[in-house]
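> structure for the following, please:
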Amino acid sequence: LFQSDPPACWYCDHWAWHDIFRPCNFRCSYAELLQNQSVAEGLGLEVLRSRWSVVKMLHLAKQWQHDERVLQLDLEQFFSSFDQTLRCLLRFLYQVPVPVSAPRELEELMVMSKELPLDMTRARQGGNLDKAAKPDGPRGADPRRHNWKHVSRTPQERQDLLRDLRSSQRHHWDDFLAPAADALESILDASPTA
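Here you go, the predicted model:
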């Protein structure tokens, strides 16, 4: 993402690399390119940049679809029911089936999770999302301190952002994002651990 020759886009495919850096004649970094784009154009570049990663993620999800040693979770589950999803994750890690009562360690972890800003709904209600960021160190402010906005949205704000993405990036949405989302949903629906 920083200056290199040739410019790098962090594991994007060759066609995406070409389309991303052609406008600057391959003489800029990805970060520099984003700084000179509108939000809609930046979203388009990010769809191109992440396309190969999404394809690899779908391949792995499909490959592990019926593997009971793999728990597949949709990020939306954490937003809609954080405690229930975390409990599911911990039960999976502890290998505790649902009818069996949870061990004391699992319940202690659930209690500890309430003290940390893991649940964005709880963190928003508490009003302090900076608790999760490390204090400023010798190199200055922790960059994570400024990155909470994308995960601290309300469900309605997330829906609005998704609607904006769909409308501003219709060709990316129709040609890649919607089919990828449908493929992932199909994989998760067929997974015994999802």
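> distance of the residue most central in space within the chain from residue 180?
In the chain, the centroid-proximal residue (CA atoms, centre = their mean) is residue 75; its distance is 7.3 Å. Here residue 75 is placed at a distance of 14 Å from residue 180 (CB to CB, to the nearest Å). (Each C-beta comes from the backbone N, C-alpha and C, glycine too.)
> next secondary structure element downstream of the lowest-mean-pLDDT helix or strand in the chain?
Ranked by mean pLDDT, DSSP states H and E, the helix or strand of the chain with the weakest confidence is helix 120-126, at a mean of 58. Scanning forward in sequence from helix 120-126 by DSSP states H and E, the next helix or strand is helix 155-168.
> who touches the very next helix or strand once past that following helix?
Following helix 155-168 in sequence order, the next helix or strand is helix 170-172 (DSSP H and E). Here helix 170-172 makes contact (CB atoms under 8 Å, 6 or more residues apart in numbering) with 43, 44, 47, 48.
> only whichever of those are buried, select them in PyMOL.
Of those, the buried ones go into a single PyMOL selection, burial set by 16 or more other CB atoms under 10 Å:
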select buried, resi 43+44+47+48
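> nearest to residue 187 among the contacts of helix 170-172?
Nearest to residue 187 out of the contacts of helix 170-172 is residue 47 (CB to CB; 20.2 Å).
> helix, strand, or coil at the closest one?
Secondary structure, DSSP: H, G, I helix; E, B strand; the rest coil: residue 47 is helix.
> which residue sits closest to it, ignoring its sequence neighbours?
Of all residues not flanking residue 47 in the chain, residue 172 sits nearest, at 4.3 Å (CB to CB, 6 or more residues apart in numbering).
> nearest to residue 79, of the contacts of helix 170-172?
Distance to residue 79 across the contacts of helix 170-172 (CB to CB) is lowest for residue 43, with 20.3 Å.
> and the residue nearest to residue 47, how far is that from residue 115?
40 Å.
> which of these two has more neighbours?
residue 172 (19 against 8; other CB atoms under 10 Å).
> for the contacts of helix 170-172, give me CSV that also has distance to residue 109 and pLDDT.
Output for the contacts of helix 170-172, formatted as CSV (distance: CB to CB, whole Å; pLDDT from 0 to 100):
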residue, distance to residue 109, pLDDT
43, 36, 83
44, 41, 85
47, 36, 88
48, 39, 89
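> which one of the contacts of helix 170-172 is nearest to residue 13?
residue 48 (8.6 Å).
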